[in-house]
Each structure stands twice: as C-alpha cells, then as structure tokens.
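1. could you look at this predicted model? Sequence included:
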Amino acid sequence: MPAAADTVGAPYRVLARKYRPATFAQLTGQEAMVRTLTNAIAAGRIAQAFMLTGVRGVGKTTTARIIARALNCIGPDGNGGPTAKPCGVCEHCIAIAEDRHVDVLELDAASRAGGVNEVRELVDGVRYRPVSARYKIYIIDEVHMMTGPGFNALLKTLEEPPEHVKFIFATTEIRKVPVTVLSRCQRFDLRRLDVETLIKLYTDVAKAEAVTIAPAAVALIARAADGSARDGLSLLDQAIARAEGEITETEVRDMLGLADRTQLFDLFDLLMRGDASEALSLLESMYATGADPAVVIQDLLELAHWLTRLKLVPQAGDMPGVPEAERVRGGEMAGKLTIAQLARVWQMLLKGLTEVQAAPLPLQAAEMVLIRLAHASDLPTPADLVRQLQNGEPAVDRSRSSLGVERSPAATSSAAPVLQPPAPRPDPSDRPRALAAAAVVAVQAEPVSQAIPVAATPDSFAAVVALVGERREAILQAHLRNNVHLVRFEAGRIEIRPDEHAPRNLANRLGALLSEWTAKRWVVAISSEPGEPTLAEQTASVERQERAEVTAHPLVQAVLATFPGATIEAIRELTPPGEPANDGEAEI
C-alpha cells in the first residue's frame with residue numbers, strides 16, 4: 001500500500017488515516033462493490049443515491065469519499081469526466097482528500113443533520129448548483145440515527161433530486177433505515193474482512209513503516225480486529241509504540257490481555273481430564289501475567305469451536321495461516337473428544353462467558369466456570385445414559401463419579417435398572433459431579449417410563465384454560481385468563497385476540513400443546529375482532545354483580561346500618577337445610 005513518509009516536524013498521523021485508500025484499487029476485500037461501481041461509472045449509469053452498510057472500520061466513509069472524487073475528478077489536464085480512477089492531482093481530488101471541498105458536504109446524523117430542521121436546511125441547499133465541482137455531494141454518516149420526521153423530509157428530494165446532486169449514506173445499522181429510503185438508493189454491503197486479508201494488509205503496512213513484526217503477532221492483531229481494518233491498524237499503531245525493536249507475539253498478547261496459546265491448550269486439556277485443581281492453578285498463573293478472565297473464557301470458547309471444526313472437517317487444519325500449535329495439538333485433542341462432549345463444553349462456556357462479563361469479581365466467576373467444566377467432563381451423554389439404563393448397564397462409572405447404577409437381584413430378567421446409592425460415603429469434592437449425573441439420569445429416564453395420558457377434547461374456552469392448568473402450564477394459563485379475548489370457539493379451532501401483554505408465541509404454543517394433549521389437530525388463530533371480555537374480566541363482572549345484589553339485600557343493609565364501618569369481605573352461599581355441606585358452600 002503506498003505511503004508517504006512523514007516529514008520532520010510534521011504532525012504525526014495515525015496509521016488508520018495515513019494508509020486510508022484513495023482509489024477503488026486500494027480498497028481491500030470489497031471486490032464485488034468495486035466492480036459494480038467501476039462498471040456503473042464507465043457506462044454513465046450513476047445512481048442519485050448510494051447506501052453503504054457494514055460493520056465499523058470496513059471502509060464505508062472511505063468509499064463515500066472515493067465515489068465523490070470519482071464523480072468530480074477532471075483529470076490532470078482539467079478536461080476529464082467521471083472516472084473510476086481519479087487522478088489525485090486535480091483541484092477537486094486534492095480538496096476532497098483534504099476534507100475542504102465546498103461542494104462535498106460530509107455530515108454526521110448522530111450529532112447533527114438528523115432532525116427535521118437540519119434536513120430542511122439541507123433540502124433548501126440542494127436546489128443551488130455546485131460552486132466549482134461537477135456534482136454537489138452530500139455524505140451522511142450514521143444515517144440510521146436520523147429521526148422519523150427527518151427521513152420523511154428527505155424522501156421527496158431523495159427520489160427526484162436535481163441532476164447536479166448525489167447522496168451517499170453510510171450506516172452500521174441498516175435495519176433501522178426505513179424501507180422507503182432504502183428503495184430510493186443503490187445499496188452496497190461492505191463485507192467483513194477475513195483474517196488472511198487483514199494479515200496481508202497489516203504486513204504491508206509494517207513493511208512500509210520499516211517495522212519488524214513476528215507473523216504470529218500480526219495474526220493476533222488480525223484476529224482481534226474482528227473484520228475491521230481500522231481497528232486492526234489502531235492496534236498495530238499501539239503495538240509499534242509499545243515495542244522496542246521487533247514486535248513479538250508475547251508483547252501483542254500482553255497488550256491485548258490474551259493468554260498464551262500453549263497455556264490455553266494446557267488449560268483445555270486439564271478441564272477435559274477433570275483436573276480442576278491444576279486448571280485453577282493455571283488460570284491463576286495466567287491472571288497474574290495479565291490475562292483477562294473474560295478473555296480466557298472467550299478463548300476457550302473459540303478453541304472449542306476450532307476443535308469441533310477439526311473433528312468434522314480435518315482438512316481445516318491444513319489451511320494456510322493456521323498456527324502449528326492449533327494444527328498439531330488441536331488435531332490430537334479433536335481426535336480424543338466426541339462431538340457431544342464438544343457441544344456440551346460450548347454450551348457451558350457460552351453461558352459462563354455471560355456470567356464472567358456480568359460478575360463483580362470476574363476471576364472468581366471464571367473459576368466457577370472451570371470447576372463446572374471439570375466436573376462435567378466425564379459425564380456420559382443423555383443418549384448414552386438412556387441406552388445404558390435400557391440395557392441394564394451401569395449408567396455412571398464408579399471410579400469417576402460418586403453416583404452408581406446397580407441392578408437389583410430381583411430384576412435380573414428385567415431391562416429396567418434400579419438406582420442405588422453406593423456403599424461408601426461419597427467424597428464431598430465429587431458432589432457436584434454426582435448431582436449433575438443424577439439430574440441427567442432423572443431427566444432422561446422419566447420420559448421412557450411415563451406416558452402422558454390423552455386428554456378429553458375441551459368443549460369450551462374455559463375448559464381449555466382448565467386443561468392448561470391441569471397440565472401445570474401456570475404462566476400460559478395466567479395469560480389465557482388475563483390477556484386473551486375469545487372471538488370464536490369450536491372443537492379443533494379457536495380464534496382469539498391477545499392484548500399487548502400476551503406473548504407473541506401464545507397462539508402457536510397453545511395450538512401445539514392442545515394437539516399434543518388431545519391427539520387431535522388444533523388451530524389457534526389471531527383475530528382483529530374485539531371478542532369477549534377476558535375470563536378474568538368475566539369473573540370480576542360476576543363478582544361485582546353478586547356484591548351489588550347482596551349489598552341491596554334488606555338483611556345486609558340492616559347489618560351495615562347497625563355496625564357502622566363494616567364491610568362485605570366475602571360472599572358465599574348458605575347450605576340448604578338437610579343437604580350435606582360441600583367445599584364450595586358457605587354463609588354470608
């Protein structure tokens with residue numbers, strides 16, 4: 001990448017600005033967009049508005065400036081037209097590159113130009129022709145931050161702008177931009193840069209800066225950039241300022257707060273062998289050298305993903321750019337682990353990462369995550385447990401767990417095993433593993449031995465709600481009573497109108513549960529009709545009516561008059577003489 005060396009005494013420019021692309025040819029990793037724009041400019045098919053979207057640091061604003069230069073370039077001789085290869089020496093190219101061109105207005109919707117008043121000022125200026133350039137170009141960054149009225153004020157001008165005006169929008173949140181705006185723009189999605197592309201870019205920049213950097217250090221910076229060229233250049237800038245001489249992998253790891261890759265493999269291996277004590281000691285050592293506990297858990301998560309890929313696609317280890325440790329040692333570890341184990345580790349680490357990030361003491365939270373992983377490392381999969389239970393085999397190895405599965409002598413001819421506690425007192429240190437194994441056995445064994453009886457077909461919506469309560473779906477029952485208006489009911493089909501407090505998946509969930517419980521197909525549809533009051537409202541209405549009738553009764557009126565301040569706390573029916581009392585009867 002071309003770069004002009006800083007002159008003595010000149011202010012320092014950060015690498016992200018110094019090596020900002022100035023032409024389409026210098027854009028890295030955006031070949032599809034460059035080809036489309038190049039062909040459009042060459043054919044004179046230039047849209048009135050462009051929408052550039054992508055993650056931070058992939059070149060949205062840079063691309064907008066290149067488009068502005070391409071459209072306004074007049075060539076070295078001053079007679080050129082729009083070109084995909086701006087000369088870089090004419091007055092317009094130089095002024096745009098230095099952010100001082102009067103006809104190229106760069107605005108930020110996050111700080112200004114997002115409100116309706118600012119947009120109206122912009123629209124008022126659109127009708128005036130450019131001062132010196134071929135086109136008046138409006139570059140609006142973070143356009144998704146514009147207000148709704150601001151978008152509406154721009155729509156008409158955006159659809160039919162004057163011939164001398166072009167709009168270029170940039171955003172990281174394309175879903176927040178109204179469809180009415182998107183439909184008036186040519187959209188280009190700038191892709192996230194892959195690690196190999198970033199490694200080449202940063203290596204070229206380091207050579208241009210006469211900086212010696214280890215390939216492993218470049219790879220670390222490329223991975224930490226997460227697809228953003230600008231973020232990686234900022235990290236490279238920091239590494240150059242930090243190092244004295246050659247930039248090594250160790251220095252970059254210390255700068256990023258990363259653990260040594262070899263130590264990471266050692267930690268993962270200890271966890272898979274169930275050695276919690278050594279794993280905690282290694283984590284403490286890594287923490288003492290500057291590793292962030294949350295980053296360690298995230299690295300373990302990345303390693304679990306890499307081992308899973310190697311397990312499914314062994315050829316992935318032979319791809320260029322894969323470090324030797326990950327290829328050799330990763331291949332060995334992947335061969336010893338099963339997909340079920342790796343999937344379980346992934347789920348536990350994913351949940352643990354959230355806990356560590358939210359914990360007031362990240363190190364302690366990370367230690368608890370490692371302890372759970374170590375104790376769960378030797379547990380059989382749920383499928384293995386069920387198979388062992390059905391075949392009468394021991395569900396858990398006694399040598400590795402405090403919970404045993406033995407067969408009763410009286411059940412030698414039966415396939416169903418009998419769980420019995422082991423004779424020796426279990427070691428307290430193995431209790432988490434025992435509880436986890438017992439939980440998995442209980443959850444997996446119950447569906448095998450118990451069948452859910454088929455319920456009778458409900459004949460009313462109230463019967464449906466009662467059935468939901470019988471099947472212990474308390475939350476769903478509460479929503480059906482309080483937040484659902486019945487529109488129409490017939491066997492197999494229910495039409496309802498949920499209010500704003502009902503879950504979005506209520507209709508689908510209710511239909512699926514009723515079909516499962518009754519062994520018949522049920523359809524629950526959403527209707528816009530008002531429908532009946534909710535069951536809770538109907539119950540409250542009946543209670544109010546009863547209270548009004550009771551309050552108007554002469555005997556009650558006499559009681560209330562005799563005892564000032566008395567209130568009616570409950571209304572119950574008297575038991576008629578000669579009839580047995582039941583739970584639903586009582587007196588006033």
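-> Here it is on my side, so go on.
2. tell me how many other residues crowd Gln559.
-> Just to correct that, residue 559 is Val rather than Gln. Using other CB atoms under 10 Å, the number of residues around Val559 comes to 13. In this view, the C-beta of every residue, glycine as well, is placed from N, C-alpha and C.
3. that one reaches Gly565, doesn't it?
-> No - assessed by CB atoms under 8 Å, Val559 is found out of contact with Gly565, at 11.9 Å.
4. what segments of the stretch 51-200 of the chain are strands?
-> Secondary structure of the stretch 51-200 of the chain by DSSP state E, counting those that start in this stretch: the strands cover 104-108, 136-141, 165-171, 186-189.
5. can you lay out those strands as JSON lines showing distance to Ala47 and mean neighbour count?
-> Shown next, in JSON lines, are the strands of the stretch 51-200 of the chain (distance: least, CB to CB, whole Å; neighbours: other CB atoms under 10 Å):
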{"stretch": "strand 104-108", "distance to Ala47": "17", "mean neighbour count": "19"}
{"stretch": "strand 136-141", "distance to Ala47": "12", "mean neighbour count": "23"}
{"stretch": "strand 165-171", "distance to Ala47": "8", "mean neighbour count": "24"}
{"stretch": "strand 186-189", "distance to Ala47": "4", "mean neighbour count": "16"}
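6. including mean pLDDT and distance to Ser515, could those go into TSV?
-> What follows is the strands of the stretch 51-200 of the chain, written out as TSV (pLDDT from 0 to 100; distance: least, CB to CB, whole Å):
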stretch	mean pLDDT	distance to Ser515
strand 104-108	88	53
strand 136-141	92	51
strand 165-171	93	44
strand 186-189	91	41
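7. got CSV for the ones you listed, with distance to Thr457 too?
-> Putting these into CSV (distance: least, CB to CB, whole Å) gives the following:
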stretch, distance to Thr457
strand 104-108, 62
strand 136-141, 60
strand 165-171, 53
strand 186-189, 51
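8. out of these, nearest to Arg35?
-> Comparing those against Arg35 with CB to CB, the closest turns out to be strand 186-189 (11.0 Å).
9. contact partners of that closest one?
-> Met33, Thr36, Leu37, Ala47, Ala49, Phe50, Met51, Leu52, Thr53, Gly54, Thr63, Ile174 (CB atoms under 8 Å, 6 or more residues apart in numbering).
10. switch the cut-off to 10 Å
-> For strand 186-189, the external contacting residues (CB atoms under 10 Å, 6 or more residues apart in numbering) are 30, 32-34, 36-37, 40, 45-54, 58, 60, 63, 67, 169, 174, 177.
11. got the domain ranges for the chain?
-> 30-189, 195-256, 261-364, 382-449, 461-535 (automatic domain parsing).
12. from the chain's centre, how far out does the first one sit?
-> Its chain's C-alpha centre lies 31 Å from the corresponding centre of domain 30-189 when counted by CA atoms, centre = their mean, to the nearest Å.
13. please apply the same query to the shortest one.
-> Distance, stretch centre to chain centre, for domain 195-256: 28 Å (CA atoms, centre = their mean).
14. so for it, what's the average pLDDT?
-> If you average the pLDDT over domain 195-256, you get 86.
15. circling back to that earlier point, lowest average pLDDT across the domains of the chain?
-> domain 382-449 (a mean of 46).
16. about what we covered before: would you mind checking the contacts of strand 186-189 for buried ones?
-> 30, 33-34, 37, 40, 46, 48-54, 58, 60, 63, 67, 169, 174, 177 (16 or more other CB atoms under 10 Å).
17. closest one to Asn483 among the strands of the stretch 51-200 of the chain?
-> Of all the strands of the stretch 51-200 of the chain, strand 165-171 sits nearest to Asn483, with 36.7 Å by CB to CB.
18. can you show me the CA trace of that closest one as CSV?
-> Backbone C-alpha positions of strand 165-171 (Å, rounded to 0.1, in the frame of the first residue of the first chain) are rendered in CSV as follows:
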residue,chain,number,x,y,z
VAL,A,165,-26.8,16.4,-6.6
LYS,A,166,-25.8,13.0,-5.3
PHE,A,167,-26.4,11.5,-1.9
ILE,A,168,-24.1,8.9,-0.2
PHE,A,169,-25.3,7.4,3.0
ALA,A,170,-23.3,5.2,5.4
THR,A,171,-24.7,3.1,8.3
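19. that one vs strand 136-141, what angle?
-> 10 degrees (axes from the mean of the first three to the mean of the last three CA atoms, to 10 degrees).
20. I'd like to know how many residues surround Asp292.
-> Neighbours of Asp292 using other CB under 10 Å come to 19.
21. do Val542 as well
-> Neighbours of Val542 (other CB under 10 Å): 10.
22. and it, which helix or strand is it part of?
-> Element membership for Val542, per DSSP states H and E: helix 535-552.
23. which SSE is immediately downstream of that helix?
-> helix 554-562.
24. run the angle between that next one and helix 535-552 for me.
-> Going by the same axes, to 10 degrees, helix 554-562 makes 80 degrees with helix 535-552.
25. elements contacting helix 554-562?
-> Here helix 554-562 touches helix 535-552, going by 3 or more CB pairs under 10 Å, 6 or more residues apart in numbering; DSSP states H and E.
26. who's in contact with the helix it packs on?
-> Counting by CB under 10 Å, 6+ apart, 461-462, 465, 477-478, 480-486, 532-534, 556-557, 560, 568, 570-571, 573, 588 sit against helix 535-552.
27. tally of neighbours for Ala540?
-> 12.
28. dump the residue contacts of His501.
-> Per CB under 10 Å, 6+ apart, neighbours of His501: His479, Asn482, Asn483, Val484.
29. among those, which ones are buried?
-> Counted by 16+ other CB under 10 Å, those give His479, Asn483, Val484 as buried.
30. from the residues you listed, pick the one nearest Ile96.
-> Using CB to CB, the buried ones among the contacts of His501 come closest to Ile96 at Asn483, 57.5 Å.
31. show me where the stretch 201-350 of the chain has helices.
-> 215-225, 229-242, 249-256, 261-272, 276-288, 293-312, 324-336, 339-358 (DSSP state H, counting those that start in this stretch).
32. closest one to Leu370 among the ones you listed?
-> Comparing the helices of the stretch 201-350 of the chain by CB to CB, helix 276-288 comes nearest, at 5.0 Å.
33. tell me which residues in the closest one are buried?
-> Ala276, Ala279, Leu280, Leu282, Leu283, Met286, Tyr287.
34. what do you get for stretch 530-546?
-> Gly531, Glu532, Thr534, Leu535.
35. give me the distance between the first one and Ala47.
-> As for Gly531, its distance to Ala47 is 49 Å (criterion: CB to CB, to the nearest Å).
36. and if you look at the third one?
-> Look at Thr534 and Ala47: by CB to CB, they are 53 Å apart.
37. and Gly469, by the same measure?
-> For Gly469, the distance to Ala47 - CB to CB - is 60 Å.
38. so what's the residue lying closest to Leu370 once chain neighbours are set aside up against?
-> Residue nearest to Leu370 in three dimensions, not counting chain neighbours: Ala279, with 5.0 Å by CB to CB, 6 or more residues apart in numbering. Going by CB under 10 Å, 6+ apart, Ala279 touches 266-273, 367, 370-371, 373-374.
39. of these, buried ones?
-> By 16+ other CB under 10 Å, the contacts of Ala279 give Asp266, Leu267, Phe268, Asp269, Leu270, Leu271, Met272, Glu367, Leu370, Ile371, Leu373, Ala374 as buried.
40. quick one on the thing from earlier: reformat the domains of the chain as CSV; add distance to Ala22.
-> Output for the domains of the chain, formatted as CSV (distance: least, CB to CB, whole Å):
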stretch, distance to Ala22
domain 30-189, 6
domain 195-256, 14
domain 261-364, 28
domain 382-449, 58
domain 461-535, 49
